[in-house]
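Visitor: The amino acid sequence is not available; the structure is as follows:
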């Protein structure tokens with residue numbers, strides 16, 4: 001069905017956002033053309049009009065054979081087929097004039113003599129810049145170490161590194177890009193399309209699931225189930241959720257039906273952040289103790305529904321290393337109990353560090369200990385995902401002293417989402433993922449859901465309520481990003 005120009009123009013006039021594709025509208029995640037006018041081709045994401053990036057779509061469709069695909073990614077093409085310094089899923093990268101450039105496809109495989117030592121810029125996908133040797137003699141010392149091996153499991157949906165970029169997060173970042181200038185604005189613009197999870201955290205969220213799955217196409221869509229009754233029982237900022245267990249089950253059913261309606265989609269679901277941790281460590285809190293039985297039933301129902309769908313991989317949240325270190329056995333026993341209550345469902349593994357700041361090495365050590373505890377409890381072969389949205393700076397010592405989880409000062413964007421980020425040293429890790437959309441507020445010291453933790457001196461002041469965009473926090477995360485954008 002085609003719209004008339006008058007109708008389409010009136011629709012397009014609503015809810016505009018600037019982007020690199022159009023001064024007033026977001027770039028589309030897909031290349032499906034729904035409308036064409038004098039400006040170009042239009043599509044739709046999440047019920048909103050978006051402008052189609054023709055250059056990117058031509059490259060994806062193999063049309064622009066004589067152009068360099070890196071231009072669609074925001075980088076220049078190398079003028080010559082020089083030394084390849086880095087290779088990732090986008091292709092091979094060189095360096096010219098101290099900046100990264102993309103090697104044209106016809107250069108791949110050519111490795112001429114090294115040019116003079118360049119100034120190596122920071123690459124978005126790796127924390128370590130490539131090192132150019134400057135001597136003709138190299139002494140190499142090798143040390144043989146024995147690394148632990150684990151049973152092989154089928155690949156996760158992150159393995160292909162094609163992860164969905166949530167359009168809502170794109171809009172939020174764009175709102176901050178327009179407030180910045182210079183180099184910081186350029187860096188901010190590179191955050192826009194970073195994949196983030198979709199949070200199912202309000203009563204109308206199930207109705208949005210089909211739109212997200214349609215926009216994701218063949219990319220893996222990651223959802224956070226966060227609607228359990230008496231949610232986040234040990235804090236004020238994020239409390240809420242379903243009114244009772246029956247309402248929760250109906251909510252889960254609606255989401256599961258949406259998943260079943262997209263059998264060709266690749267879907268990851270993280271189940272109820274913080275719930276497991278609160279059941280393990282917060283039972284002195286009357287609110288948490290009173291809801292523990294309901295929470296077990298809710299988690300089991302959620303896993304039983306989602307874990308029985310073939311194109312859905314489920315991860316149960318397991319807190320973070322500073323929270324549950326020393327409680328691995330208790331956590332594993334609780335996971336076993338919940339899984340026994342969900343005979344039709346299965347989980348692929350567990351998520352950690354959601355909305356927190358713990359460094360990768362400490363978090364993976366916790367995951368490895370949890371793997372052993374789960375195996376001993378009768379839950380073998382688990383895998384993990386790690387939230388790296390805000391752990392670019394190691395603030396673990398400061399966090400250990402104050403436990404300030406709310407908009408912590410000093411944090412920065414961490415590693416970008418990536419499947420199998422280090423299969424040699426971290427074979428249990430399925431992915432780095434931005435599960436918490438970074439710069440969405442953790443909570444506020446003001447308003448109906450004011451939380452005293454958000455009023456601490458090491459919590460960035462001026463924050464809006466949980467889930468709302470916090471521009472000043474975005475700027476902090478961007479300035480402290482490691483690796484840099």
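Guide: That came through fine. Since we're looking at a predicted model, the values are computed, not measured.

Visitor: quick one: the strands in the stretch 101-250 of the chain?
Guide: Applying DSSP state E, counting those that start in this stretch to the stretch 101-250 of the chain gives strands spanning 198-200, 220-225.

Visitor: Columns distance to residue 290 on top of those, output as CSV?
Guide: In this view, the C-beta of every residue, glycine as well, is placed from N, C-alpha and C. Formatted as CSV, the strands of the stretch 101-250 of the chain follow (distance: least, C-beta to C-beta, whole Å):
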stretch, distance to residue 290
strand 198-200, 24
strand 220-225, 22
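
Visitor: deepest of these, which one?
Guide: Ranked by mean neighbour count, the strands of the stretch 101-250 of the chain are led by strand 220-225 with a mean of 26 (mean count of other C-beta atoms under 10 Å).

Visitor: and that strand, average pLDDT?
Guide: On average, the pLDDT along strand 220-225 is 98.

Visitor: Just give me how far that strand sits from the chain centre.
Guide: 9 Å (C-alpha atoms, centre = their mean, to the nearest Å).

Visitor: before we move on, what about stretch 401-408?
Guide: That offset, for stretch 401-408, works out to 21 Å (C-alpha atoms, centre = their mean).

Visitor: Would you mark the buried spots in that stretch?
Guide: For stretch 401-408, the neighbour count (16 or more other C-beta atoms under 10 Å) marks 404-408 as buried.

Visitor: so which of the strands of the stretch 101-250 of the chain comes closest to residue 103?
Guide: Among those, strand 220-225 comes nearest to residue 103, with 27.1 Å by C-beta to C-beta.

Visitor: tell me what the closest one is packed against?
Guide: When contacts are defined as 3 or more C-beta pairs under 8 Å, 6 or more residues apart in numbering; DSSP states H and E, strand 220-225 packs onto strand 198-200, helix 209-216, helix 245-260, strand 266-271.

Visitor: Just name the most buried of the ones you listed.
Guide: Comparing the helices and strands packed on strand 220-225 by mean neighbour count (mean count of other C-beta under 10 Å), strand 266-271 ranks first with a mean of 26.

Visitor: Contact partners for residue 398?
Guide: For residue 398, the contact set (C-beta atoms under 8 Å, 6 or more residues apart in numbering) comprises 408, 410, 458.

Visitor: Retrieve the pLDDT associated with the second one.
Guide: Spelled out, that is residue 410. 97.

Visitor: in which helix or strand would I find the residue lying closest to residue 429 once chain neighbours are set aside?
Guide: In this structure, residue 429 finds its nearest non-sequential neighbour in residue 384, 5.5 Å apart by C-beta to C-beta, 6 or more residues apart in numbering. Element membership for residue 384, per DSSP states H and E: strand 383-387.

Visitor: cool, and residue 399?
Guide: Per DSSP H and E: helix 396-402 holds residue 399.

Visitor: Following the chain past that helix, name the next helix or strand.
Guide: strand 418-419.

Visitor: Mind listing residues that contact that next one?
Guide: Strand 418-419 has contacts (C-beta under 8 Å, 6+ apart) with 125, 156, 158-161, 163, 430-432.

Visitor: Likewise for stretch 300-308?
Guide: The contact list for stretch 300-308 (C-beta under 8 Å, 6+ apart) reads 225, 248-249, 252-253, 255-256, 259, 269, 271-272, 312, 314, 316, 338-339, 341-347.

Visitor: redo that, cut-off 6 Å
Guide: Defining contact as C-beta atoms under 6 Å, 6 or more residues apart in numbering, one finds that stretch 300-308 is touched by 249, 252, 256, 269, 271, 312, 314, 338, 341-342, 344-347.

Visitor: and the angle from the lengthiest helix in the chain to strand 220-225?
Guide: Criterion DSSP state H: the longest helix present in the chain is helix 286-306. Helix 286-306 and strand 220-225 are oriented at 140 degrees to each other (axes from the mean of the first three to the mean of the last three C-alpha atoms, to 10 degrees).

Visitor: which residues of the stretch 201-350 of the chain score low on pLDDT?
Guide: 234-239 (pLDDT under 70).

Visitor: gap between the residue nearest to residue 164 when sequence neighbours are not counted and residue 26?
Guide: Spatial nearest neighbour of residue 164, chain neighbours left out: residue 216 (3.9 Å); criterion: C-beta to C-beta, 6+ apart. Counting by C-beta to C-beta, to the nearest Å, the gap from residue 216 to residue 26 is 15 Å.

Visitor: for residue 451, same thing?
Guide: Taking C-beta to C-beta, one finds residue 451 at 32 Å from residue 26.

Visitor: what residue lies at the spatial centre of this structure?
Guide: The chain has residue 434 as the residue nearest its centroid, 2.2 Å off, counting by C-alpha atoms, centre = their mean.

Visitor: quick check: domain ranges of the protein?
Guide: The chain breaks down into these domains under automatic domain parsing: 5-57, 69-121, 167-479.
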